[in-house]
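Asker: Curious how this folds, go ahead:
(2 chains, ligands or ions: 2)
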Amino acid sequence: MFDIVLTAVREGLLFGIMAMGVFLTFRVLNFADLTVDGTFALGAATYAAVVIGGGSVWAGVALALAGGFVAGAVTGLLHTKAGITGLLSGILTMIALYSVNLRIMGRPNIPLLNTQGILGVFQPFGLSPNISAWLVFLLFPGVVLALLVWLFHTQFGYVLRATGDNVQMVKSLGVNPDRMEVWGLAISNALVSLSGALVAQYQGFADVGMGIGTIVAGLASVIIGEVFVGARSIGWLLAGVLFGTFVYRFSIGLALVVGFEPTDLKLLTAVIVFLALTLPAVRKKVRLP
Amino acid sequence: MIEIQGLCKTFHRGTPDEIALFKDFSLTVASGDFVTIIGSNGAGKSTLLNLIAGSLAPESGRIFVDGRDVVKMPEHRRAAFISRVFQNPALGTSPALTIEENLSLAVNKGRPFGLGLAKDRRKREHFRERLASLGLGLENKMDVKVGVLSGGQRQALALLMATEVSPSLLLLDEHTAALDPKTANTIMVMTRNLVAEHHITTLMVTHNMKNALDYGNRLIMLHQGSVVVDVRGAEKERLSIGGLMEWFGETSALSDRMVLAEFSDI
Ligand SMILES: Nc1ncnc2c1ncn2[C@@H]1O[C@H](COP(=O)(O)OP(=O)(O)OP(=O)(O)O)[C@@H](O)[C@H]1O
Ligand SMILES: [Mg+2]
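Answerer: Ligands and ions are numbered 1, 2, ... in the order given. Got it, this is the predicted structure:
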């Protein structure tokens, strides 16, 4: 049992970065962005290709971030400049990324088993592999959380928040809402891609199919987080997303223990999202605080 | 100063539903004028405001605001010097942000929104004073999300935000129509005070004849995309609601040309 919890904590932290990215598009921008299924794998592919090719792990992480940023911007431009619906814009980029990811990797799967990679970056300071990995698990989501909280309190962040619920007001401020949307999608997908890179190292491989269902898992985490945190400040909401990711990963872990096959997980995820989506309604009905 | 020259706007062009609303429309408004605009449903009042603000593009014609030709400018660029308050209170504020957060956006209108922290102690005091001057108690709700405010409170805030950075032109489209009579009156008085305080050139569309008479120094009546009545100053002071209602009746009964001829006798 303790093992399941510990695994869920680790995975909650790494996938939590992705979920915070989904929070940015889904909750702040009000945009259901399917690009993330492609960018999660893009991050993994980029990172793995760099590390296997002899590049530094930091270069791998930086390129993963940059790649996700560009992919998100492409979806934003498809939506705002080409006038394609938001949902379809995301799907187009996601499908295109499948080919891009295969190109980057050169094959469908790259094993990363014989390297500690990014998880080992603190070992040179005399720390054990395990401690070093835990520092990475905590450091990355922590820094992302702090940066997002800061961003949402800047003038730029306020306009980003306004973009999701009142485009007319953003225009009234003299700001081009299209540009804000592109920025938001780019930042979100950069985070999702970073998460993909870290998860690839954590599982010991990058796979071209590993992004499938990312949006659903992200939504599950975001919504579960909201059930626990409720309507509070943006910092609390983001922390809630991390906690929601933990709860989600924990339920997945539990499902495996009670005898479900790994191949059943997508179905289970869909059921969890269904429950999570209906739960807030239940919460309202039973008038929990 | 606003100058509109040869403005043409047609809807549903080339279809059986084609409406040639504005045909060579011209209008000049002097700086500091407060113009009330009346006219029956579909007369083109909202369309005129949309064309000036840039949410609609004309087929031809020029629009100058303080000497700047704005026709080619996207809406968000014009917003740097043209402020609007809509009939729908939801359009002027962001419900997800608090009163203070909304105001701290408005105070930076037309300038770049960078990575500096948005909240600022000194600004907070300034906002508190401005909110207090409304007399609605909003100064005690600065950390409340705007989404939970009433329509009237939101409209008051929207008006404050529209004038936080004093614009060259203020466009008001039935901005009290969704409010109860008492709140509508509060917002109207507030409008007059803000416009006077900042000497803002203002166009106000209204269906309330009393407001059209009581406020502003010039009154325009639109009908089928044309100005059929244009009175100002002392002449406007002498108008009565009965007289206005008569005009409304006549515009629907007579052709534009006859109406114009008749009005020129007044
Ligand atoms: N975006 C649009 N597309 C098509 N037709 C439009 C559009 N906007 C306005 N119209 C048409 O232009 C005419 C004038 O409409 P407008 O909204 O300007 O009238 P109004 O004077 O504001 O009326 P009201 O008093 O009802 O608000 C109407 O016939 C309307 O159907
Ligand atoms: Mg109208």
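Asker: Contact partners for the residue of the stretch 51-200 of chain A found nearest ligand 1?
Answerer: The stretch 51-200 of chain A approaches ligand 1 most closely through A:Gln168 (14.6 Å), counting by C-beta to the nearest ligand atom. (C-beta placed from N, C-alpha, C; glycine too.) Listed by C-beta atoms under 8 Å, 6 or more residues apart in numbering or on different chains, the contact set of A:Gln168 reads B:Phe86, B:Leu91.
Asker: could you say which helix or strand contains it?
Answerer: helix A:167-172 (DSSP states H and E).
Asker: For the very next helix or strand once past that helix, name the packing helices and strands.
Answerer: Of the helices and strands lying after helix A:167-172 in sequence (DSSP H and E), the nearest is helix A:177-203. With contacts taken as 3 or more C-beta pairs under 8 Å, 6 or more residues apart in numbering or on different chains; DSSP states H and E, helix A:177-203 sits against helix A:2-23, helix A:35-52, helix A:57-80, helix A:129-152, helix A:155-165, helix A:167-172.
Asker: Report the contact partners of residue 190.
Answerer: I went with chain A, as the question did not name one. A:Ala190 neighbours (C-beta under 8 Å, 6+ apart): A:Gly21, A:Leu65, A:Ala66, A:Gly68, A:Phe69, A:Gly72.
Asker: actually it's chain B I care about, not the one you picked
Answerer: So B:Met190 contacts B:Leu134, B:Ala156, B:Leu159 (C-beta under 8 Å, 6+ apart).
Asker: Output the helix or strand that contains it in PDB with nothing but the alpha carbons.
Answerer: Using DSSP H and E, B:Met190 maps to helix B:181-198. Provided in PDB are the C-alpha atoms of helix B:181-198 (Å, rounded to 0.1, in the frame of the first residue of the first chain):
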ATOM      1  CA  PRO B 181     -35.000  52.400 -12.800                       C
ATOM      2  CA  LYS B 182     -33.300  53.500  -9.700                       C
ATOM      3  CA  THR B 183     -29.900  51.900 -10.600                       C
ATOM      4  CA  ALA B 184     -30.300  53.200 -14.200                       C
ATOM      5  CA  ASN B 185     -30.700  56.700 -12.800                       C
ATOM      6  CA  THR B 186     -27.600  56.300 -10.500                       C
ATOM      7  CA  ILE B 187     -25.600  55.100 -13.600                       C
ATOM      8  CA  MET B 188     -26.900  58.000 -15.700                       C
ATOM      9  CA  VAL B 189     -25.900  60.600 -13.000                       C
ATOM     10  CA  MET B 190     -22.500  58.900 -12.700                       C
ATOM     11  CA  THR B 191     -22.100  59.000 -16.500                       C
ATOM     12  CA  ARG B 192     -22.800  62.800 -16.500                       C
ATOM     13  CA  ASN B 193     -20.300  63.400 -13.700                       C
ATOM     14  CA  LEU B 194     -17.500  61.300 -15.300                       C
ATOM     15  CA  VAL B 195     -18.000  62.800 -18.700                       C
ATOM     16  CA  ALA B 196     -18.000  66.300 -17.300                       C
ATOM     17  CA  GLU B 197     -15.100  65.700 -15.100                       C
ATOM     18  CA  HIS B 198     -12.900  64.400 -17.900                       C
END
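Asker: Show me how far that helix is from its chain's centre.
Answerer: Relative to the centre of its chain, helix B:181-198 is centred 13 Å away, using C-alpha atoms, centre = their mean, to the nearest Å.
Asker: what's the helix or strand following that helix in contact with?
Answerer: Of the helices and strands lying after helix B:181-198 in sequence (DSSP H and E), the nearest is strand B:201-205. Strand B:201-205 has contacts (C-beta under 8 Å, 6+ apart) with B:1-2, B:29-38, B:45-46, B:49, B:52, B:168-175, B:191, B:195, B:211, B:215-216.
Asker: counting contacts, what elements does the helix or strand just after strand B:201-205 pack onto?
Answerer: Next along the chain after strand B:201-205, taking DSSP H and E as the criterion, comes helix B:209-214. If contacts are counted by 3+ C-beta pairs under 8 Å, 6+ apart, helix B:209-214 sits against strand B:34-38, helix B:241-253.
Asker: List of residues touching helix B:209-214?
Answerer: If you take C-beta under 8 Å, 6+ apart as the criterion, helix B:209-214 is touched by B:36, B:38, B:176, B:188, B:204, B:206, B:219, B:236, B:239-241, B:244-245.
Asker: May I ask which two of the residues you listed are separated the most?
Answerer: Within the contacts of helix B:209-214, B:Thr176 and B:Ser240 form the most distant pair, 21.3 Å apart (C-beta to C-beta).
Asker: Which pair of the contacts of A:Ala190 spans the longest distance?
Answerer: Longest span within those, C-beta to C-beta: A:Gly21 and A:Ala66, 14.6 Å.
Asker: neighbour count winner among these two?
Answerer: Neighbour tally, A:Gly21 and A:Ala66, criterion other C-beta atoms under 10 Å in any protein chain shown: the higher count belongs to A:Gly21, 31 against 13.
Asker: is it possible to export the helices and strands packed on helix B:209-214 to a markdown table including mean pLDDT, distance to A:Val159 and mean neighbour count?
Answerer: Below are the helices and strands packed on helix B:209-214 laid out as a markdown table (pLDDT from 0 to 100; distance: least, C-beta to C-beta, whole Å; neighbours: other C-beta atoms under 10 Å in any protein chain shown):
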| stretch | mean pLDDT | distance to A:Val159 | mean neighbour count |
| --- | --- | --- | --- |
| strand B:34-38 | 97 | 31 | 23 |
| helix B:241-253 | 77 | 42 | 14 |
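Asker: Tell me who's in contact with A:Leu254.
Answerer: A:Ile4.
Asker: secondary structure element for it?
Answerer: Using DSSP H and E, A:Leu254 falls in helix A:234-257.
Asker: Flag every buried residue along stretch A:45-62.
Answerer: The neighbour-count check on stretch A:45-62 (16 or more other C-beta atoms under 10 Å in any protein chain shown) flags A:Ala45, A:Thr46, A:Tyr47, A:Ala48, A:Ala49, A:Val50, A:Val51, A:Ile52, A:Val57, A:Gly60, A:Val61, A:Ala62 as buried.
Asker: Could you dump those into a markdown table and include distance to B:Gly116?
Answerer: As requested, the buried residues of stretch A:45-62 are exported to a markdown table (distance: C-beta to C-beta, whole Å):
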| residue | distance to B:Gly116 |
| --- | --- |
| A:Ala45 | 37 |
| A:Thr46 | 33 |
| A:Tyr47 | 33 |
| A:Ala48 | 38 |
| A:Ala49 | 38 |
| A:Val50 | 35 |
| A:Val51 | 37 |
| A:Ile52 | 42 |
| A:Val57 | 33 |
| A:Gly60 | 33 |
| A:Val61 | 28 |
| A:Ala62 | 26 |
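Asker: just these now: which is nearest A:Val100?
Answerer: Relative to A:Val100, the closest of the buried residues of stretch A:45-62 is A:Ala45; by C-beta to C-beta it sits at 8.1 Å.
Asker: Wait, the closest one touches A:Val208, no?
Answerer: Yes - using C-beta atoms under 8 Å, A:Ala45 is in contact with A:Val208, at 7.0 Å.
Asker: Can you pull the residues that touch both of these two?
Answerer: Contacts common to A:Ala45 and A:Val208, judged by C-beta under 8 Å, 6+ apart, are A:Asn101, A:Met105.
Asker: before we move on, the earlier item: tell me which of the helices and strands packed on helix A:177-203 sits most buried.
Answerer: Mean neighbours per residue, mean count of other C-beta atoms under 10 Å in any protein chain shown, is largest over the helices and strands packed on helix A:177-203 for helix A:35-52, with a mean of 30.
Asker: Many thanks, I have nothing further to ask.
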